[in-house]
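Trainee: below is the sequence, then the predicted model.
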Amino acid sequence: MILFHPPSLSLSLSLSVSPPIQFQTMAATLSSIFNIHPHSAIRFNYRLISSSIFIFSPRLPTKRPFRALDFSRKLSHNPVFNDDSKNSIPSFHHFLAKAQAQAATVIVSDSDTQADDVLPKGRIYQETYGCQMNVNDMEIVLSVMKKAGYEEIVNDPESAEIIFINTCAIRDNAEQRVWQRLNYFWFLKRHWKSNVATGRSHSLRPPKVVVLGCMAERLKDKILDADKMVDVVCGPDAYRDLPRLLQEVDNGQKGINTLLSLEETYADISPVRISKNSISAFVSVMRGCNNMCSFCIVPFTRGRERSRPVESIVKEVAELEKEGVKEVTLLGQNVNSYNDAGDDEVEPTVDWKLSDGFSSKCKVKKVGLRFADLLDRLSLEFPEIRFRYTSPHPKDFPDELLYIMRDRHNVCKNIHLPAQSGNSNMLERMRRGYTREAYLELVSKIRSIIPDVGLTSDFICGFCEETEEEHQDTLSLVRAVGYDMAYMFAYSMREKTHAHRNYTDNVPEEVKQRRLTELIEAFRESTGQCFDSQIGSVQLVLVEGPNKRAPETELIGKSDRGHRVIFTNLPVPDLAGCDGDRVPRVGDYVHVKILKSSRASLFGAALGITTMSSFYNVAQQEAVASL
């Protein structure tokens, strides 16, 4: 006999139990029957009256919610009974089956997962690999989880109950690093109890491992089948669904959602900043890519292009300014193809046209506010915030964008201009939409409009069928342009891409590595000249903190062109205030005279603390006086 006594209900059930059912199992089953959910923080007291009578009564909720155990596997052995038998009498197994069916069909409403006043839930640990967009995506994920009640973030996976790993699928070595980490997280899951016993873990249950990002989209089936390493796989457009997917795991199922969206931009979500004290922040303005370069997996993992409304971006930057942020990087897979073509009729100030000599396979159906319009608005409304952007495509650089970069002192004179190759035939196989000559003409135009601009780039070595002559053309392009910085990689084939379907990855690995070494050496030769040319100049540097190599005597910051600048932390005049001389602090803008350089850094002496507007007003006055 079971006597169940909720506050306003009495129930008596007759049963014959053989073998005996554990008390916890019966408590969980009765909870399901009467729609009492584990997250309601209800626990049971039970006492034995006789060998066949138990009394259950709920206790009041505790301050910390009861961490319900997952009984779905324990109940999965229930026998199937014959409903057609007229003489069949419902047994306790009927109630078990009913409870299991109810648990499997629970739908968590938005109010359940999105309420602001929900009780604290599991501790979160996160790791992010890949581009800046992944960093910003993780901040969106943390915001979604915070809204659902998961507020505690820990710094080590051993004490976490949920482990997020945000992944990159651009190159094979990035994926291999993720697999190594998944192996370690699998070890934590398997040895959870022993870790708790030895004090190496503070978790009350085995951690749930959640794979996010591009690798989740590309390898979802392989990840889920990998020896029970992973509990949830969630693609870049499905982060709002994470609370429900985690609930699926609690119900004994795998959680997966990798659907791509034509509309999702997360424009209404305020990201939870990972580095809360940082003076720099990322703001995503668009997602996806329409370029379909033959080597690139991004259109298949991130979907088609869609842009956030301008107003939502302005609102987020305003919030960052209140938090003390001094530098904002605008993000997008193809950031300068930004197109806010909302429902409202808006007249763009910039025509939709490509850079001279460039083409695109994708046609724009509806033209809205362009990237130049967005940058114009932001630079005017936030004059003391520096703006950078990445990653653009060379085809989307109208003259209007270049003139805004030239004329606005708070838009950094730094352009990332991915070339990928210096040979026109190779660029055609890559489906880049331009020739070597068109690229060099664009470089010349950019430097004629913005004389002090710094250029950076991307290059791939050993793409399909690359010849030695084509490789030499890439080396000569690097020497001709003179980049400040470049990302250089050996090619790795990605499934689903145009190259995977149409070309053969026929350049031997040792040849790829040799060409990569030669490319890096060519870049170092040209970048040394670039850094040396800045010796003697006075630059505006945003202080980021102590130099790790000499934290007691040196500060480190970033110049307008994005160079790392190291200078002594001696007191200097505060030209922006009335404090007299003082040591520059994090977030200050400082005049720094460049005295020497290396291949990666500039070294100088601080002259004074200022504001961005004051620095450029003085520079403009000096330029006029010299005429």
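Mentor: That came through fine. Residues are numbered from 1 along each chain as shown.

Trainee: now the end-to-end length of stretch 263-271.
Mentor: Terminal residues of stretch 263-271 lie 18 Å apart, using CA to CA, to the nearest Å.

Trainee: now do stretch 318-331
Mentor: 17 Å.

Trainee: what about residue 434, neighbour count?
Mentor: 23 (other CB atoms under 10 Å). Just so you know, the C-beta spots here come from the backbone N, C-alpha and C atoms, and that holds for glycine as well.

Trainee: tell me the pLDDT at it?
Mentor: Residue 434 carries a pLDDT value of 96.

Trainee: next one: residue 210
Mentor: For residue 210, pLDDT reads 96.

Trainee: which of the three states applies to it?
Mentor: Under DSSP: H, G, I helix; E, B strand; the rest coil, residue 210 falls in the strand class.

Trainee: give me the nearest residue to it, chain neighbours excluded.
Mentor: Nearest residue to residue 210 in three dimensions, chain neighbours excluded: residue 232, at 4.2 Å (CB to CB, 6 or more residues apart in numbering).

Trainee: same thing with residue 297?
Mentor: Leaving out its chain neighbours, the residue that sits closest to residue 297 by CB to CB, 6+ apart is residue 494, at 4.1 Å.

Trainee: pretty sure that neighbour contacts residue 294?
Mentor: No - shown here, residue 494 and residue 294 do not form a contact pair, counting by CB atoms under 8 Å, at 10.1 Å.

Trainee: ok, now which ones touch the residue nearest to residue 210?
Mentor: 208, 209, 210, 211, 242, 245, 246, 248, 249, 254, 255, 256 (CB atoms under 8 Å, 6 or more residues apart in numbering).

Trainee: separation between residue 193 and residue 205?
Mentor: 10 Å (CB to CB, to the nearest Å).

Trainee: more neighbours, those two?
Mentor: When neighbours are counted by other CB under 10 Å, residue 193 and residue 205 differ, and residue 205 comes out ahead with 14 against 10.

Trainee: quick one: the more buried one from residue 250, how far?
Mentor: Remark: distance between residue 205 and residue 250 (CB to CB) = 10 Å.

Trainee: now swap in residue 367 and tell me
Mentor: Distance from residue 367 to residue 250, counting by CB to CB: 47 Å.

Trainee: give me the more crowded residue out of the two.
Mentor: Neighbour count, other CB under 10 Å: between residue 367 and residue 250, residue 250 has more, with 20 against 15.

Trainee: so what's the residue nearest to the spatial centre of the chain up against?
Mentor: Centrality entry for the chain: nearest residue to the mean C-alpha point is residue 134, 1.9 Å, by CA atoms, centre = their mean. Residue 134 sits next to 128, 166, 167, 168, 213, 214 when contact means CB under 8 Å, 6+ apart.

Trainee: give me phi/psi at the second one?
Mentor: Main-chain dihedrals, residue 166, degrees, to the nearest 10: phi -90, psi 120.

Trainee: and if you look at residue 498?
Mentor: According to degrees, to the nearest 10, residue 498 has phi -60, psi -40.

Trainee: wait, isn't it in contact with residue 292?
Mentor: Yes - the pair residue 498 / residue 292 is scored as a contact, 6.7 Å apart, by CB under 8 Å.

Trainee: which neighbours do those two have in common?
Mentor: Jointly contacting residue 498 and residue 292 under the rule CB under 8 Å, 6+ apart are residue 431.

Trainee: now, which of the contacts of residue 134 lie within strands?
Mentor: Using DSSP state E, the members of those that fall in strands are 128, 166, 167, 213.

Trainee: hmm, back to that, next, format the contacts of residue 232 as JSON lines and append neighbour count and distance to residue 453.
Mentor: What follows is the contacts of residue 232, written out as JSON lines (neighbours: other CB atoms under 10 Å; distance: CB to CB, whole Å):
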{"residue": "208", "neighbour count": "21", "distance to residue 453": "47"}
{"residue": "209", "neighbour count": "25", "distance to residue 453": "44"}
{"residue": "210", "neighbour count": "26", "distance to residue 453": "41"}
{"residue": "211", "neighbour count": "28", "distance to residue 453": "39"}
{"residue": "242", "neighbour count": "23", "distance to residue 453": "41"}
{"residue": "245", "neighbour count": "21", "distance to residue 453": "45"}
{"residue": "246", "neighbour count": "24", "distance to residue 453": "47"}
{"residue": "248", "neighbour count": "19", "distance to residue 453": "50"}
{"residue": "249", "neighbour count": "17", "distance to residue 453": "50"}
{"residue": "254", "neighbour count": "14", "distance to residue 453": "50"}
{"residue": "255", "neighbour count": "22", "distance to residue 453": "47"}
{"residue": "256", "neighbour count": "22", "distance to residue 453": "45"}
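
Trainee: closest one of the residues you listed to residue 447?
Mentor: In terms of CB to CB, no member of the contacts of residue 232 lies closer to residue 447 than residue 211, at 43.2 Å.
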